[in-house]
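Undergrad: Based on what follows, work out the 3D shape:
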Amino acid sequence: MSEETRILIRSEYDIVTARQQVRELCMTLHFSSGEQTLVATCVSELARNIVEYAGSGEIITGLTRNTDEEGIVIIAEDKGPGIPNIELAMKDGYSTSKGLGLGLPGSKRIMDEFAIVSKTGKGTTVTVKKWKKP
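TA: Okay, the predicted model is just below:
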């Protein structure tokens, strides 16, 4: 990942900042407005989970490249309680709050790559990527 930006997430205001930051990053790769909206939505979901479940954490954004594609990588990290059952958390409709249960599974659907690592009592890291379509 090149030139990463770190955004401390502690409140709703920080979620807005993270959305704005990722939209600007999307513009540098000339993502369509629809792609920008999808990536910003994913960041909102990940940041909201940090605020709601961990209290605080960090969103790290940057550009990435493989042999023939450029894209955006977003890492959401926290030191919260962790997710005891990732498989269950990834099911549509499952929520430990009173939400719709679409955050993590929805983020997985709208991004090109999705990985989650969580340890109970240690925290959670979600890494997502969106590749620029030719």
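Undergrad: what's the average pLDDT for stretch 44-55?
TA: Stretch 44-55 shows a mean pLDDT of 93.
Undergrad: outside of that stretch, which residues touch it?
TA: 9-12, 14-15, 18-19, 56-59, 74, 76, 78-81, 96-97, 102-104, 106-107, 123-124, 126, 128 (Cβ atoms under 8 Å, 6 or more residues apart in numbering). Every C-beta, even on glycine, is put in place using the N, C-alpha and C of the backbone.
Undergrad: Show me which of the residues you listed are buried.
TA: Taking 16 or more other Cβ atoms under 10 Å as the criterion, what is buried in the contacts of stretch 44-55 is 9, 14-15, 18-19, 57-59, 74, 76, 78, 80-81, 103-104, 106-107, 123-124, 126, 128.
Undergrad: Check which element follows the lowest-mean-pLDDT helix or strand in the chain along the chain.
TA: Evaluated with mean pLDDT, DSSP states H and E, the helix-and-strand set of the chain has its lowest mean pLDDT in helix 86-89, which scores a mean of 84. Per DSSP states H and E, helix 86-89 leads on to helix 103-110 as the next helix or strand towards the C-terminus.
Undergrad: Extract the C-alpha set from that next one and format it as PDB.
TA: Once non-C-alpha atoms are left out, helix 103-110 reads as follows in PDB (Å, rounded to 0.1, in the frame of the first residue of the first chain):
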ATOM      1  CA  GLY A 103     -23.000  -4.100   7.400                       C
ATOM      2  CA  LEU A 104     -20.300  -6.800   7.100                       C
ATOM      3  CA  PRO A 105     -22.000  -9.000   4.500                       C
ATOM      4  CA  GLY A 106     -23.000  -5.900   2.500                       C
ATOM      5  CA  SER A 107     -19.400  -4.600   2.600                       C
ATOM      6  CA  LYS A 108     -18.200  -8.000   1.300                       C
ATOM      7  CA  ARG A 109     -20.600  -7.800  -1.600                       C
ATOM      8  CA  ILE A 110     -19.800  -4.300  -2.800                       C
END
